[in-house]
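S.K.: below are the sequence and a predicted model for it; my questions follow.
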Amino acid sequence: MWVVDLGRSFFCLNMAQNNSLGLLYRAYHEAGHVAAMAFTAQGFEQIVEVNVIASKRFLGVVRSRGINYARNLNLVPIQDQPTMARREAIWLLAGSAAEAKFEGVKFDVEQLAEEYVTCEDDGGEAIDMVGTDINIVGSMADKVSRRYYPKWRLIHTWAGLTVELLEESDVWSCVEHFAKHLAKVGTISENELEPFFAPIYMKGYESARWRRRLVLPSMASTERVKSTLR
């Protein structure tokens, strides 16, 4: 089992508040991750738990039993790595992007990277960049960037797609519904996730526009593959 996210964002001071507002920021952050995973079916079925009860190790977390391709892109055939990196980056960035939308400000991915470097935890220690979403996204961009498509152009493209995904009304509706409930209960297990995200689960496969953006097969093709495996 691995931890998807350490719940640290460029609103880290808001998230770290030990009050109901801080809890809500953390809930929106994790809800953004899960909604993007549901929409693209990228690891959603492997989620074990979503938790926003802060500890010394993390402020919020999504736990999964699946393979962490974002940190192990080398497990993917080299020709498929750019596509996998794009899908993984979208759900990784969706946490901070959901916070920005909740706050009502523009999601600035370069500000996100900069504020991670300067942000400190409650003890005055600089936050370790290694486990942060933006650091993982940056590492993937390093691996799949090309001279004609450099690292930060890739990251800006991925960030733009993330914002566009959260602008989908049904996606944002799921984020809000889930975040508000998560802030109340603190922890939600895998068996409780489906009702919150059923309206958008694999919806990326149903839309020609999003299939092009995410390089996904059509729903019909997916069903044909599934039928051969039964």
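M.R.: Sure thing, it's come through.

S.K.: surely residue 201 touches residue 41?
M.R.: Yes - in this structure, residue 201 is within contact of residue 41 by Cβ atoms under 8 Å, at 6.9 Å. (Each C-beta comes from the backbone N, C-alpha and C, glycine too.)

S.K.: any idea how far residue 30 is from residue 94?
M.R.: According to Cβ to Cβ, to the nearest Å, residue 30 and residue 94 sit 10 Å apart.

S.K.: neighbour-wise, which of these two wins?
M.R.: Each of residue 30 and residue 94 has its neighbours counted (other Cβ atoms under 10 Å); residue 94 has more, 33 against 28.

S.K.: what sits against that one?
M.R.: Shown in contact with residue 94 (Cβ atoms under 8 Å, 6 or more residues apart in numbering): 32, 33, 35, 36, 162, 165, 166.

S.K.: next, format these as CSV and append distance to residue 102 and pLDDT.
M.R.: Shown next, in CSV, are the contacts of residue 94 (distance: Cβ to Cβ, whole Å; pLDDT from 0 to 100):
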residue, distance to residue 102, pLDDT
32, 9, 97
33, 14, 96
35, 12, 98
36, 15, 97
162, 14, 97
165, 15, 97
166, 10, 97
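
S.K.: ok, the residues you listed vs residue 63, which is closest?
M.R.: Among the contacts of residue 94, residue 33 lies closest to residue 63 (Cβ to Cβ), at 11.4 Å.

S.K.: in the longest helix seen in the chain, what's buried?
M.R.: Criterion DSSP state H: the longest helix present in the chain is helix 81-103. Across helix 81-103, burial judged by 16 or more other Cβ atoms under 10 Å covers 81-82, 84-102.

S.K.: flag the shaky bits of this protein, pLDDT-wise.
M.R.: Where the chain drops to pLDDT under 70, the residues are 1-18, 56-57, 114-131, 217-230.

S.K.: surely residue 37 and residue 45 touch.
M.R.: No - using Cβ under 8 Å, residue 37 makes no contact with residue 45, being 9.0 Å away.

S.K.: ok, now which ones touch residue 82?
M.R.: residue 144.

S.K.: residue 69 and residue 87, how far apart?
M.R.: From residue 69 to residue 87 the distance is 9 Å (Cβ to Cβ).

S.K.: swap in residue 198?
M.R.: For residue 198, the distance to residue 87 equals 20 Å [Cβ to Cβ].

S.K.: check residue 61 too.
M.R.: Residue 61 sits 21 Å away from residue 87, going by Cβ to Cβ.

S.K.: which residues in the protein form strands?
M.R.: Under the criterion DSSP state E, the chain contains strands at 2-3, 47-51, 61-64, 187-189.

S.K.: what helices or strands is the longest one leaning on?
M.R.: Secondary-structure packing of strand 47-51 (3 or more Cβ pairs under 8 Å, 6 or more residues apart in numbering; DSSP states H and E): helix 20-40, strand 61-64, strand 187-189.

S.K.: out of the ones you listed, which is closest to residue 76?
M.R.: The closest of these to residue 76 is helix 20-40. By Cβ to Cβ, the value is 15.2 Å.

S.K.: can you give me the buried ones in the closest one?
M.R.: Going by 16+ other Cβ under 10 Å, helix 20-40 has these buried residues: 22-40.

S.K.: stretch 175-195 now?
M.R.: Neighbour-count burial for stretch 175-195 flags 175, 176, 177, 178, 179, 182, 183, 188, 190, 193 (criterion: 16+ other Cβ under 10 Å).

S.K.: with distance to residue 136 added, can I get those residues in TSV?
M.R.: Listed next are those as TSV, based on distance: Cβ to Cβ, whole Å:
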residue	distance to residue 136
175	21
176	26
177	27
178	23
179	22
182	22
183	25
188	23
190	22
193	22
